[in-house]
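# Here is my input, please return the structure:
(one chain, ligands or ions: 1)
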Amino acid sequence: MIFQDRRKNGKLDLEALEMAMRSAMHQAGAVALSRLLQCAPPGPDQRERACSCGQTARYRELRSRRILTAVGEVELLRPYYLCSHCHNGQFPFDAELDVEGQDLSPGVRRMLAVVGSEAPFDHGRQQIELLAGLAVTTKAVERTAETIGSDIARCEQVQVDRALQLDLPIVVGEPIPILYVQMDGTGVPVVKKETAGRTGKVDGQPAHTREGKLGCAFTQTKWDADGYAIRDPDSTTYTGAIETASEFGQRIYLEAWNRGWSRAETKVVKETAPSGSGTWPPSIFPAPFRSSICFMPASTSGLWCDSSTPVTTSVRNNGFYVTSPNSMTATSKSWSAFFAPSTRQRQN
Ligand SMILES: [Zn+2]
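Next up is the predicted model:
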């Protein structure tokens, strides 16, 4: 048909042609993949399987279903086992393929997770259609991104729980001269159901955002010629979540720990919540974190900053400055030793 169009107006539409060709390749791929996913009935020695109830599930028949893969919809034909004791059925082949209870193949799920984490879900659906030639629903993008997100969160939670029990492996390595930890919170616009029952900043108005808490850890080993502290290039790692302050306190402690908290000679923790907002009371942090640091209240107007921080302090690419010691309160006296080379105010 594309070639017929060409005959009509004398031009070849390459975009239409390449897209049509990709679609044809997908169809051929789906046929080939479907063939690979057709199981034969199990042999006589594979007709029984253990059931989770402790009894035995027996092979009943081959059953088919369709799943969406990177080359489009394919058919899956695989043995079905049923336990006559608890009436639970199972498809071992689905588990092997990692498509148990899923309409999407692992390859498609990976794509949806990528687009779903970058943009609104409907935008992700459009991206998948354009980039991968796959038709998925907005709901599928949302569900996949959220499932993978909660998987990641579950893994992190295991770590955070260990941090809470102070049962963390010591990270070995060179001593770190100065380890910095900074945290901040910001309103993240969310859909209505995420703010149900929450009051907004304006009285009587519903909330439109939830606070995402972000933290980072980085190191410093050098000062520049003017005596200003330089953040070690590529030394920053980040962590964050929409969660309560005390949950976040454990998370940021874990991040600090993984970055070598136990072998840092100087530890600096900086919060950037508005002064007196109570977002980061020391009580939210695990005891070892709390007791070995001196918290700088935000009212000291920026002990340091990086390019993402408003210019209460000077900003420079790839580094940070320490502001005037005058703006620090007495609590910061003990800090002066390590900030001595870098506490001059830079005028710009
Ligand atoms: Zn059973």
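# can you tell me the helix or strand for the residue of the stretch 101-250 of the chain found nearest the ion?
Closest approach between the stretch 101-250 of the chain and the ion, counting by Cβ to the ion: residue 101, at 17.6 Å. Quick note: C-beta positions are derived from backbone N, CA and C, even for glycine. Assigned by DSSP states H and E, residue 101 belongs to neither a helix nor a strand.
# ok, it - how many residues close by?
7 (other Cβ atoms under 10 Å).
# Just give the nearest non-adjacent residue to it, would you?
Of all residues not flanking residue 101 in the chain, residue 94 sits nearest, at 7.7 Å (Cβ to Cβ, 6 or more residues apart in numbering).
# so what's that neighbour up against?
Counting by Cβ atoms under 8 Å, 6 or more residues apart in numbering, residue 94 touches 76, 78, 100, 101.
# That one and residue 179, how far apart?
47 Å (Cβ to Cβ, to the nearest Å).
# and for stretch 25-32, what are the contacting residues?
With Cβ under 8 Å, 6+ apart, stretch 25-32 has contacts from 69, 71, 72, 73, 74, 133.
# Dump those to a markdown table, plus neighbour count, secondary structure and distance to residue 235.
Output for the contacts of stretch 25-32, formatted as a markdown table (neighbours: other Cβ atoms under 10 Å; DSSP: H, G, I helix; E, B strand; the rest coil; distance: Cβ to Cβ, whole Å):
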| residue | neighbour count | secondary structure | distance to residue 235 |
| --- | --- | --- | --- |
| 69 | 22 | strand | 41 |
| 71 | 23 | coil | 42 |
| 72 | 21 | strand | 44 |
| 73 | 16 | strand | 47 |
| 74 | 21 | strand | 46 |
| 133 | 15 | coil | 41 |
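# for those, which one is nearest the ion?
Out of these, the member with the shortest distance to the ion (by Cβ to the ion) is residue 74, at 29.8 Å.
# Surely the closest one and residue 35 touch.
No - if you go by Cβ atoms under 8 Å, residue 74 and residue 35 don't touch, sitting 9.2 Å apart.
# all strands for this structure, in order.
Using DSSP state E, the strands of the chain run over residues 48-50, 56-69, 72-83, 89-90, 176-189, 209-223, 229-231, 237-241, 264-271, 315-316, 319-320.
# who does the longest one touch, helix- and strand-wise?
Contacts defined by 3 or more Cβ pairs under 8 Å, 6 or more residues apart in numbering; DSSP states H and E place strand 209-223 against strand 176-189, strand 229-231, strand 237-241, helix 245-258.
# how about these, which one is nearest residue 153?
Go through these one by one with Cβ to Cβ and the one that ends up closest to residue 153 is strand 237-241, at 7.2 Å.
# Just checking: what are the partner strands of the closest one?
For strand 237-241, the pairing partners within the sheet under DSSP bridges are strand 209-223 (antiparallel).
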